[in-house]
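sequence isn't available, so here's the structure alone:
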């Protein structure tokens, strides 16, 4: 019996940094209003290159394992050197890999993270073998766990999204979900059926706005809409502004230390969600402690390059931040469940 099994992607991340990467402001050609530019046809010196593993499924599994939980990962890697290295690393982290499929059709997922002098970066993504996960790859009869965690996937997992959640409910397994934008594009009635069975739903501001079709500036309205869809716990991360969580009785909010060191934001959402769940399990559903470990685990990860670096283990000591707790019924903050 596992404490938790994660589903999701496994990726090799390559971080490139150079002062030669120039930022060009151009609202016409770039959806963000600016882009990274390089001299065409020339060689560019890279000041720093870092190789690291990533992917929501393995990132969250890393935290769970470091926090002392018996952890397994369900996913797909390619039949290549990168896939072998990821499997090797997971075994070193004491993550069980018996449910990982190796496929020849595509290479292991890759991301190239390009940054200049500041914190902003551009990510080039190759969505490879992880998107080949399908029903027949999952050894359902052997999935014995107390919790499932579904990290974002952008293709095939959407086809078995329902099945994973239904399997969890039929087998008394708690389930937490951090859906991708692709998964949030499923028909709304299908999403409502899925979310009705979810114990914890994680979304960032952009995803929450996309799901509810409400501007992310209207935070309380977004939360009321999400509370209608999900009878479980709903958590919305807000980057540097922290997190808001509703359990249908109280609305919890907290902000990270504004002086925390930020080197790399890759994997910050994964480190928050996995930290949150770790203390939620450890302290029998204590949401305040869950938020505190989630934010601290994320802060530790932000201080280093890579999605799995800096993660806290079960013996880590840290100062717990203050969490504000307000009743849902007061000031019409959230919908009472």
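Sure thing, it's come through. Remember, predicted model here, so these are calculated numbers, not experimental data.

can I assume residue 105 is in contact with residue 134?
No - Residue 105 sits out of contact with residue 134 when judged by C-beta atoms under 8 Å, with a separation of 11.4 Å. For the C-beta atoms, the positions are set from N, CA and C on the backbone; glycine is no exception.

ok, the nearest residue to residue 247 once chain neighbours are set aside - contacts?
Closest residue in space to residue 247, ignoring its immediate chain neighbours: residue 233 at 5.0 Å, by C-beta to C-beta, 6 or more residues apart in numbering. Taking C-beta atoms under 8 Å, 6 or more residues apart in numbering, we find residue 233 in contact with 199, 200, 201, 245, 246, 247, 287.

so what's the residue count around the third one?
With neighbours defined by other C-beta atoms under 10 Å, the count for residue 201 comes to 24.

which element follows the helix or strand hosting it toward the C-terminus?
If you go by DSSP states H and E, residue 201 is part of strand 200-204. Moving toward the C-terminus from strand 200-204, the next helix or strand (DSSP H and E) is helix 205-212.

can you pull out the residues in contact with that next one?
Surrounding helix 205-212, the residues in contact under the criterion C-beta under 8 Å, 6+ apart are 179, 181, 184, 191, 203, 215-216, 221-222, 225-226, 229, 236-239.

what inclination does that helix have with respect to strand 200-204?
Angle, helix 205-212 to strand 200-204, by axes from the mean of the first three to the mean of the last three C-alpha atoms, to 10 degrees: 110 degrees.

can you list the buried residues in helix 205-212?
205, 207, 208, 209, 211, 212 (16 or more other C-beta atoms under 10 Å).

likewise stretch 30-41?
Under the neighbour-count criterion of 16+ other C-beta under 10 Å, stretch 30-41 has residue 36 buried.

what does it rub up against?
20-27, 29, 44, 114, 116, 122.

repeat that for 6 Å
If you take C-beta atoms under 6 Å, 6 or more residues apart in numbering as the criterion, stretch 30-41 is touched by 21, 22, 23, 24, 25, 27, 44, 114, 122.

surely the last one and residue 114 touch.
Spelled out, it's residue 122. Yes - using C-beta atoms under 6 Å, residue 122 is in contact with residue 114, at 4.9 Å.

so where's the stretch 1-150 of the chain uncertain?
Residue ranges of the stretch 1-150 of the chain with pLDDT under 70: 27, 117-120.

show me the strands in it, by range?
Per DSSP state E, counting those that start in this stretch, the stretch 1-150 of the chain carries strands over the ranges 2-7, 11-17, 22-25, 34-37, 48-54, 71-78, 95-96, 100-103, 109-115, 121-126, 145-150.

so which of those strands is nearest residue 168?
Nearest of these to residue 168, taken as C-beta to C-beta: strand 145-150 at 4.9 Å.

elements contacting the closest one?
Packing contacts for strand 145-150, counted by 3 or more C-beta pairs under 6 Å, 6 or more residues apart in numbering; DSSP states H and E, involve strand 2-7, strand 174-177.

just put these in CSV and tack on mean neighbour count and distance to residue 81.
Converted to CSV, the helices and strands packed on strand 145-150 look like this (neighbours: other C-beta atoms under 10 Å; distance: least, C-beta to C-beta, whole Å):
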stretch, mean neighbour count, distance to residue 81
strand 2-7, 24, 23
strand 174-177, 24, 32
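
among those, which is nearest residue 317?
strand 2-7 (22.2 Å).

any chance you could list what contacts the closest one?
Contact partners of strand 2-7, identified using C-beta under 6 Å, 6+ apart, comprise 57, 60-61, 64, 69-74, 145-150.

returning to what we had before: now the contacts of residue 233 as TSV including distance to residue 310 and pLDDT?
Compiled in TSV, the contacts of residue 233 are given as follows (distance: C-beta to C-beta, whole Å; pLDDT from 0 to 100):
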residue	distance to residue 310	pLDDT
199	27	98
200	23	98
201	26	98
245	23	95
246	29	92
247	29	90
287	24	98
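
so the residue most central in space within the chain: helix, strand or coil?
For the chain, residue 270 is the residue whose C-alpha lies nearest the centre (C-alpha atoms, centre = their mean; 3.3 Å). Following DSSP: H, G, I helix; E, B strand; the rest coil, residue 270 is assigned to helix.
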